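Asks: No sequence on hand, only this structure:
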């Protein structure tokens, strides 16, 4: 809908609703509440018309980017059924032979918005039809499926849609996952002016279509119209990064653990698989720390900032007993209200008397993660932690410097400005709330706690809550924006 039409209707509804509020006699509930209800619905529908805040933003002001999720939300927006149906037909015309189109297009043309009165997922329905009728077009593969399955589907698509074209796909190892070969298979297709594009369904499956290279932009646009983004082809470099982390952690284990402890930890590290690991854990060390804690193998220690220092001593004694020939160290005394930050340097000083020290891994958290290693191995440990993907520090001073660097990165991610329009919108809603409070009061005086009085009262409280929370959220965003501006000036 055009914005001018939206605001024109809003301008008509607003005075009518205010008039009804002022003259609300509760003699005819329907005609009194109807304009107010229409106004509320109209204001609510703006989320689909005006790009001020996203759909979730009605309840939470999600302005900051998410903190490294495994998979980010990939749905562009809710797309109406008819648009999806027509777009799938256009996509079929781009990716299918005339013979396949003769089977697919009638099916798409006859799709209904609901089956037996129930809504359904149109993409799943199309894939099921294509599979059952042997007219391959959009293919769905579970991430754990064999590479052989991918090659079979690609050959079948080439046979059906591209005149029986034969492509010499590269060889692969028996242990390869789909993501290991996508890039190489795609390069083989590109030699014949073809490629495949992945549809990001935000699930543990790969959904793709094969099309001409010259149609890439059209295919991406059609995916957007259906309501999805295109998922980048998994690069070999992603796996290589994981393997680098894996090797670095293996070397770190050899530097910091006894032979006995290595025998328990190294088999676990060598058996880690990229795809399996990151479907469970958000970052590389998360699963490793969980494994070590679960099996009581002292190596990488996670210590909460407010944990008792007695626990810290226990961890250190366990590490020394297991990895450093039962070495016993008398750590300095501390006060009951001391925290890790207060004793960090003192504890490290005691360890250094025995040619050992704590090396800390900065994980952008208030907690501490550390290993105990030889002083002479500091540079090696620092390099290995860097290869794993984290900062290394050994003193409170260095920790402060790293925190400052992380803060700079965090501030850089803050949007350049807060949303003035959103603030003004919710301010207007908040100013309208007293009118509905007045309506509720008049209704209560006349009818007591009737259905309509309770309904309007609860709705009114809801708008008070949403408007206040949203205004506070905009103020919070404004403060963060000012914080970044001031930080930039100081630099």
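Replies: Looks like it came in fine. These numbers were taken from a predicted model, which means no experiment stands behind them.

Asks: in the stretch 151-300 of the chain, which spans are strands?
Replies: All strands of the stretch 151-300 of the chain, identified by DSSP state E, counting those that start in this stretch, fall at 194-199, 205-212, 230-231.

Asks: Which elements pack onto the shortest one?
Replies: Under the contact criterion of 3 or more C-beta pairs under 8 Å, 6 or more residues apart in numbering; DSSP states H and E, the helices and strands touching strand 230-231 comprise strand 194-199, helix 216-226. All C-beta spots, glycine's among them, are computed from the backbone N, C-alpha and C.

Asks: So for that strand, mean pLDDT?
Replies: Across strand 230-231, the average pLDDT comes to 78.

Asks: Off-centre distance for it?
Replies: 15 Å (C-alpha atoms, centre = their mean, to the nearest Å).

Asks: Just checking: what are the partner strands of it?
Replies: strand 194-199 (antiparallel) (DSSP bridges).

Asks: ok and the strand it pairs with relative to helix 216-226, angle-wise?
Replies: 20 degrees (axes from the mean of the first three to the mean of the last three C-alpha atoms, to 10 degrees).

Asks: ok, and what's touching strand 194-199?
Replies: 123, 138, 154, 158, 162, 165, 167, 182, 185-186, 189, 206-213, 216, 219-220, 223, 226, 228, 230-233 (C-beta atoms under 8 Å, 6 or more residues apart in numbering).

Asks: ok, now which ones touch residue 330?
Replies: Counting by C-beta under 8 Å, 6+ apart, residue 330 has contacts residue 350.

Asks: how much space between it and residue 469?
Replies: Distance of residue 330 to residue 469, computed by C-beta to C-beta, to the nearest Å: 54 Å.

Asks: close enough to count as contact, residue 176 and residue 145?
Replies: No - with contact defined as C-beta atoms under 8 Å, residue 176 does not count as touching residue 145 (11.6 Å).

Asks: and the longest helix for the chain?
Replies: helix 451-490 (DSSP state H).

Asks: What residues of it count as buried?
Replies: Residues of helix 451-490 classed as buried: 452-453, 456-457, 459-460, 463-464, 466-467, 470-471, 473-474, 477, 480-481, 484 (neighbour count, 16 or more other C-beta atoms under 10 Å).

Asks: which of the helices and strands packed on strand 230-231 has the lowest average pLDDT?
Replies: What stands lowest among the helices and strands packed on strand 230-231, in mean pLDDT terms, is helix 216-226, with a mean of 88.

Asks: Could you tell me how many residues sit around residue 243?
Replies: 12 (other C-beta atoms under 10 Å).

Asks: again with residue 376
Replies: 9.

Asks: which stretches of the chain have low pLDDT?
Replies: The model of the chain has pLDDT under 70 over residues 1-78, 114-120, 234-238, 278-279, 364, 396-419, 480-491.

Asks: Next one: residue 288 from residue 140, what distance?
Replies: Relative to residue 140, residue 288 is positioned 32 Å away (C-beta to C-beta).

Asks: out of these two, which sits in the busier spot?
Replies: residue 288 (24 against 19).

Asks: I'd say that one and residue 280 touch.
Replies: No - contact status for residue 288 versus residue 280: not in contact, 11.9 Å apart, counting by C-beta under 8 Å.

Asks: And stretch 326-345, end to end?
Replies: Chord length of stretch 326-345, first to last residue, is 23 Å (C-alpha to C-alpha, to the nearest Å).

Asks: err, stretch 383-394, not the other one
Replies: 14 Å.

Asks: what's it in contact with?
Replies: With contacts defined as C-beta under 8 Å, 6+ apart, stretch 383-394 is touched by 241, 244-245, 247-249, 251-252, 255, 283-285, 348, 357-363, 378, 381-382, 399, 401-402, 405.

Asks: give me phi/psi at residue 357?
Replies: Main-chain torsions, residue 357, degrees, to the nearest 10: phi -160, psi 160.

Asks: in the sheet, who's paired with it?
Replies: residue 373.

Asks: How many neighbouring residues does it have?
Replies: Residue 357, neighbours per other C-beta under 10 Å, totals 23.

Asks: Residue 86 now?
Replies: Neighbour number of residue 86 under other C-beta under 10 Å is 14.

Asks: Make a markdown table from the strands of the stretch 151-300 of the chain and add distance to residue 334 and mean neighbour count to it.
Replies: Formatted as a markdown table, the strands of the stretch 151-300 of the chain follow (distance: least, C-beta to C-beta, whole Å; neighbours: other C-beta atoms under 10 Å):
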| stretch | distance to residue 334 | mean neighbour count |
| --- | --- | --- |
| strand 194-199 | 55 | 21 |
| strand 205-212 | 53 | 20 |
| strand 230-231 | 52 | 18 |
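
Asks: of all these, which lies closest to residue 439?
Replies: Using C-beta to C-beta as the measure, strand 194-199 is the one of the strands of the stretch 151-300 of the chain that comes nearest residue 439, at 48.8 Å.

Asks: gap between the closest one and the chain center?
Replies: That offset, for strand 194-199, works out to 23 Å (C-alpha atoms, centre = their mean).

Asks: now swap in stretch 186-198 and tell me
Replies: The answer for stretch 186-198 is 29 Å, by C-alpha atoms, centre = their mean.

Asks: for stretch 327-344, same thing?
Replies: Worked out by C-alpha atoms, centre = their mean, stretch 327-344 lies 39 Å from the chain centre.

Asks: show me where the stretch 51-200 of the chain has helices.
Replies: Listed in chain order, the helices found in the stretch 51-200 of the chain under DSSP state H, counting those that start in this stretch are 81-95, 98-109, 122-132, 147-161, 178-190.

Asks: Right, I'll call it a day here.
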